[in-house]
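Chemist: prediction below, plus the sequence it came from.
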2 protein chains.
Amino acid sequence: MILHYRYIQQTMSSTIHSTDEEHQTKEMDIRSLSSSRRHPQNAPHIHKVGVPPKQNLFKEFKATVKETLFADDPLRPFKDQPGSKKFVMGMQTLFPILEWGRSYNFTKLRGDIIAGLTIASLCIPQDIGYAKLANLDPQYGLYSSFVPPLIYAFMGSSRDIAIGPVAVVSLLLGTLLQNEVDYKADAEAYRRLAFTATFFAGITQATLGFFRLGFLIDFLSHAAVVGFMGGAAITIALQQLKGLFGIQNFTKKTDIVSVLHSVFGAAHHGWNWRTIVIGISFLAFLLVAKYIGKKNKKFFWVPAIAPLISVVLSTFFVFITRADKHGVQIVRHIEKGINPSSVKEIYFSGQFLLKGFRIGVVAGMIALTEAVAIGRTFASMKDYQLDGNKEMVALGTMNVVGSMTSCYVATGSFSRSAVNYMAGCQTAVSNIVMSFIVFLTLQFITPLFKYTPNAILAAIIISAVLGLIDFEAAILIWKIDKFDFIACMGAFFGVVFSSVEIGLLIAVSISFAKILLQVTRPRTAILGKLPGTTVYRNIQQYPGATKVQGVLIVRVDSAIYFSNSNYIKERILRWLMDEEEQLKSSFQPKIQFLIVEMSPVTDIDTSGIHALEELHKSLHKRDVQLILANPGPVVIDKLHASHFATTIGEDKIFLTVADAVSACSPKLVTEV
Amino acid sequence: MILHYRYIQQTMSSTIHSTDEEHQTKEMDIRSLSSSRRHPQNAPHIHKVGVPPKQNLFKEFKATVKETLFADDPLRPFKDQPGSKKFVMGMQTLFPILEWGRSYNFTKLRGDIIAGLTIASLCIPQDIGYAKLANLDPQYGLYSSFVPPLIYAFMGSSRDIAIGPVAVVSLLLGTLLQNEVDYKADAEAYRRLAFTATFFAGITQATLGFFRLGFLIDFLSHAAVVGFMGGAAITIALQQLKGLFGIQNFTKKTDIVSVLHSVFGAAHHGWNWRTIVIGISFLAFLLVAKYIGKKNKKFFWVPAIAPLISVVLSTFFVFITRADKHGVQIVRHIEKGINPSSVKEIYFSGQFLLKGFRIGVVAGMIALTEAVAIGRTFASMKDYQLDGNKEMVALGTMNVVGSMTSCYVATGSFSRSAVNYMAGCQTAVSNIVMSFIVFLTLQFITPLFKYTPNAILAAIIISAVLGLIDFEAAILIWKIDKFDFIACMGAFFGVVFSSVEIGLLIAVSISFAKILLQVTRPRTAILGKLPGTTVYRNIQQYPGATKVQGVLIVRVDSAIYFSNSNYIKERILRWLMDEEEQLKSSFQPKIQFLIVEMSPVTDIDTSGIHALEELHKSLHKRDVQLILANPGPVVIDKLHASHFATTIGEDKIFLTVADAVSACSPKLVTEV
């Protein structure tokens, strides 16, 4: 604590740190003098520790802001351009279609049409099912596959992403909205709240992008995302048992215990065998199609069109057998025509405003996480750059417009994007093609869905979400990082056994706990010399490395900040005590020098400086000399600013551990 | 995102990562083979990157838990001891007095008695004033200087800390309690809530210590503490203007605007000139005494006994002049006798339970921060070890017992501890002596305080808290770390212009923001070779360092985690692009090798591995070879576990940058 420390120092001993400007300048001179005079005996070999040129405060601040918010340097191409050119480039930045549209050609169009048709055939049945997952009427799913993809095509920069409603966001939205309004009791309020949430989801996304805060979504560790997605997939699949088994009275809870209880409670009187036969057989068909597509990449279109085929076949089958008279539930009615305006349905005041806002923020963040992950994956596969913040603005605008045209939260769909890629999409035009097909569907075909059995939609959703469960990723996480695995499993079990919100909360908490743990308990290591070299390395990693007699070399593997400065100080003292105990028991000479290797210490704050001062004092009392090796530019600057460099002595700061060792034990110099 | 990535990999290309155990073993063999066969040309010189022996999962977990929670290894002395000895040692651990008491002697006693008498004379007037700050009757301040110091003397391990009520915690408690209950309207409920808060403050402290979570208080950056303390000191001093000027109607708010408004609004009719004369003249006396003590360490006792002298003189003065009849406010009444029991006054149910708990947690944490800071400072000055967690248990127990004996939150007082130290205290016996004097005061002297003017108490508090404003620390913080300075000023202005809670909230938020910024945007640096050495250093710090033709060397200065993996990947690619642009414009050969120096990368998680994989792919497309230098034990382990080491090739991982450079540009070998 600098506060108390300083006061006491000032009360009890002579003032060490003068704040006098003149005095400081004198110190600086001494510093540079002593640096150049150091180690005259091994002159040409030993470099001094560099002190970077003093930076202007404003420049320093600007550099930090730039690195934090504009790390990708988005304005670089604008530099040195005339005004009109800047305007054109600005428009191209906002609407990338103006840029890539100029080099668009027939070959690309062919690829986009094929891909667009494929994802349209996949999205139509999925949309109807996902809308049910969000407790909305089926047409809202189709609406959300009409307007948002069009907007995205103009503003987005990913070439492969397929936009529309997705399973996890639909489930999340359905759960969160249902907590506030019962969709059965008041369908209108429920729908209006859904649009409100969609509006704020869009605002959240666009705001994050506009203020370049996109990095905030990186705080959801991807191990947590893997677990969350897997858990959500299982929850969604379990929910589908209702449709697949034709159960009437189904629990509103989403945890596995309630759902299974509901399913088996209804076993004797609630299951409809016709529904089960239809559902299971088409589910088997879909899974086989999926297997074929996986085995041979050439047949990627088989699983892509299987859902539409299932819908057509089963609808026809129900229509001719009139199975709906025997308890097979059907879609019954889908509104015909394109999206009506919903501007007036959004709550801009009243108690639902805040609720809609809260739900929108959560749903918007999750939707963003998914879309950005998909965008990044494909961008890296095709090796093009994707500006995360720009993407967020595009996605946000798309959802704001969507909320005004009867759409609910849309984002990049993982399964459809993969199909889009494999079908050979070239640009976002494939989304326009898909959007057009959905438009045709809404205008002309929706009445035909009347007899589509709900069981088929359930089967389609189950087969789609199974792809979200990623065993291999979980196994890999287990192998690489056990803590990540805990986060993954925490999110998974949270979703499966409790609810999506709890799972999400667990995922976020564990992610943060990991960050905090990382900064509070950084690693330290004892270094030894690799035989025949001047290289010093961790003796745990290199058992061949030998300690230098009378010298203890500790490397601190983190920036020294208030959160860990005290730990680092005490850890170093403990290394020393352990070592001394060991030396004592084997009657070896005691430690005289403690070298702290500071290469990994990228920064230090006032607490860190104090920890070093306290370490220096403690060591001094034990007759051990503190020596620093290779402090970085920021650190050496602060060591000087705080006068700690003069406290321990300029000549106790070395460029490398090897230099430090050879300086503090001259007899070893010959040996090297 | 591993999830999508993995799926797509698995769908579109052959599976790279086999999870087959046998296959892995084979890989390992190849690995060690290739390692030993590497670089036969410069054989003896080049060491391979060490792979630490595979650890048992349980052992690894145990080591992590130990390092996180038992970093100080508290059970070490217990090892290899017989049972009875263990019991004795356990008792000594819980009650350190049993340990140091055995070597207690007359010399030490003499020091402790002098120190105890000195701090008693200082604490009695302060206690009365601080109790008023907490809106409690004056005797509660004295009660809190009787029981808690006794408990601490038996359980605490600091030799210099002086226990009792302190200004900042009193103010904090007063503000938070007043928000819930008005002390004027319902004094009993207010007092009961105060005891409840004290109880939970103690429970919080003891719990943190018992579960060894003491490191949590390190999350309040000390720059924020400096600002918070300074702000609180100013707020407290301003509050005292009420007593100093004898103002009757005073605002309940604590922000500077309201207080000054209150003070100057009362200027014409509310100021009492007699009070002002008494107050100002004794304040001047106290400040002169303080100045004398500061100038000459021998006169440390002058400021220590000045408050008591002021009280005696002013009380006598008021008594003979009966100035209280002319509007000079006096203490009037202090309950005689020692602490009554307050067990039954604590709320263990009802609406006040939760409120008391919440206030207690906040007050307990702040009290802890202050006590631990003081304890650490003096321990480092006298060079003895202090177990933070044990201290917390002692402080917690002390406050729990205190809450049952009519005390409010006590902690280590900064100013009295410094006096204690200077008066030559040897052990916690000085606290016992002080406690005994307070006991005598409570039993016999309290009626004499009847005529003590409130203005004197105000003057004493003002002169005490001025020491909490630490300009020099703030200036030093400004010099060392600008971000710390923002935290410091944020907390300061938050307290001064709003309230203690807001100031505290700002302090905590900025501290966390700093941690998050640190992990999201780690530093990277371009390295160059120092002429005449094989040492590679940051070219910004060492302008003399030269880049190697065709090779770009980037050092990543942080563990690679989900929170920064994407940034690091993109930052490295941007370094490469910048460099290539520059080379192009000067017609130099292009970059062929990108060496990532990984010495500071202490850990990597699954997201980090993915970022490396994506980096490798992007570089591959640009015909640039990725090379890693000096990965640490954890990192090399995970590179192997994820098979990334085999993906880029075992022979692309080197022990040092120098090895890597000499391997990738053979023509440079001769030059070195």
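Modeler: Alright, I've got the coordinates.

Chemist: helix or strand: which one has the one residue in the stretch 351-500 of chain A that gets nearest to chain B?
Modeler: Residue nearest to chain B within the stretch 351-500 of chain A: A:Ala373 (3.4 Å; Cβ to the nearest Cβ). For the C-beta atoms, the positions are set from N, CA and C on the backbone; glycine is no exception. A:Ala373 belongs to helix A:351-382 when assigned by DSSP states H and E.

Chemist: same check on A:Ile486?
Modeler: Element membership for A:Ile486 (DSSP H and E) is helix A:482-497.

Chemist: if you average the pLDDT over that helix, what comes out?
Modeler: For helix A:482-497, the mean per-residue pLDDT is 90.

Chemist: ok, back up a step: pLDDT of the helix holding A:Ala373, averaged?
Modeler: Computed over helix A:351-382, the mean pLDDT rounds to 89.

Chemist: got a list of what the closest residue to chain B within the stretch 101-250 of chain A touches?
Modeler: Of all residues in the stretch 101-250 of chain A, A:Ser221 sits closest to chain B, at 3.9 Å by Cβ to the nearest Cβ. Residues in contact with A:Ser221 (Cβ atoms under 8 Å, 6 or more residues apart in numbering or on different chains) are A:484, A:487, A:507, A:510-511, A:514, B:561-563, B:605, B:607.

Chemist: nearest spatial neighbour of the residue nearest the centre of chain A, chain-adjacent residues omitted?
Modeler: The centre of chain A sits closest to A:Asp218, judged by Cα atoms, centre = their mean, with a distance of 3.2 Å. Distances taken as Cβ to Cβ, 6 or more residues apart in numbering or on different chains put B:Ser563 closest to A:Asp218, at 5.4 Å, once the chain neighbours are dropped.

Chemist: to what extent is that neighbour buried, counted in neighbours?
Modeler: Neighbourhood size, B:Ser563 [other Cβ atoms under 10 Å in any protein chain shown]: 29.

Chemist: can you check the pLDDT for it?
Modeler: B:Ser563 is given a pLDDT of 84.

Chemist: tell me the secondary structure of it, please.
Modeler: Of the three states, B:Ser563 takes coil under DSSP: H, G, I helix; E, B strand; the rest coil.

Chemist: that one and A:Phe512 touch, don't they?
Modeler: No: using Cβ atoms under 8 Å, B:Ser563 is not in contact with A:Phe512, being 9.5 Å away.

Chemist: find residues that contact each of those two.
Modeler: A:Phe219.

Chemist: right, is the helix holding A:Ile486 up against chain B?
Modeler: Yes: counting by Cβ under 8 Å from any Cβ of the partner chain, contacts between helix A:482-497 and chain B involve A:482-484.

Chemist: now the buried members of those residues.
Modeler: A:483-484 (16 or more other Cβ atoms under 10 Å in any protein chain shown).

Chemist: so which of the residues of helix A:482-497 next to chain B is the closest to B:Ala306?
Modeler: B:Ala306 has its nearest neighbour among those in A:Phe483, at 56.2 Å by Cβ to Cβ.

Chemist: just to revisit the earlier point, so which bits of the helix holding A:Ile486 are buried?
Modeler: Buried, per 16+ other Cβ under 10 Å, within helix A:482-497: A:483-496.

Chemist: which residues does it contact?
Modeler: Applying Cβ under 8 Å, 6+ apart, the set of residues contacting helix A:482-497 is A:221, A:223-228, A:230-232, A:234-235, A:255-257, A:474, A:477-478, A:502-507, A:510-511, A:514, A:517, B:57, B:60-61, B:605-606.

Chemist: just the buried ones out of these, please.
Modeler: A:221, A:223-228, A:230-232, A:234-235, A:255-256, A:474, A:477-478, A:502-504, A:506-507, A:510-511, A:514, B:605-606.

Chemist: does A:Leu150 touch A:Val438 like I think?
Modeler: No: using Cβ under 8 Å as the test, A:Leu150 is too far from A:Val438 to be in contact (9.9 Å).

Chemist: start to end distance for stretch A:331-351?
Modeler: 33 Å (Cα to Cα, to the nearest Å).

Chemist: show me what counts as buried in it.
Modeler: Using 16+ other Cβ under 10 Å as the test for burial, stretch A:331-351 gives A:331, A:334-335, A:338-339, A:342, A:345-347.

Chemist: turn those residues into CSV, columns for pLDDT and distance to chain B.
Modeler: Listed next are the buried residues of stretch A:331-351 as CSV, based on pLDDT from 0 to 100; distance: Cβ to the nearest Cβ, whole Å:
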residue, pLDDT, distance to chain B
A:Val331, 85, 30
A:Ile334, 87, 31
A:Glu335, 87, 33
A:Ile338, 89, 31
A:Asn339, 92, 29
A:Ser342, 93, 31
A:Glu345, 92, 34
A:Ile346, 93, 31
A:Tyr347, 92, 30
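
Chemist: including secondary structure, could those residues go into JSON lines?
Modeler: JSON lines is the format used below for the buried residues of stretch A:331-351 (three-state DSSP):
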{"residue": "A:Val331", "secondary structure": "coil"}
{"residue": "A:Ile334", "secondary structure": "coil"}
{"residue": "A:Glu335", "secondary structure": "coil"}
{"residue": "A:Ile338", "secondary structure": "coil"}
{"residue": "A:Asn339", "secondary structure": "coil"}
{"residue": "A:Ser342", "secondary structure": "coil"}
{"residue": "A:Glu345", "secondary structure": "helix"}
{"residue": "A:Ile346", "secondary structure": "coil"}
{"residue": "A:Tyr347", "secondary structure": "coil"}
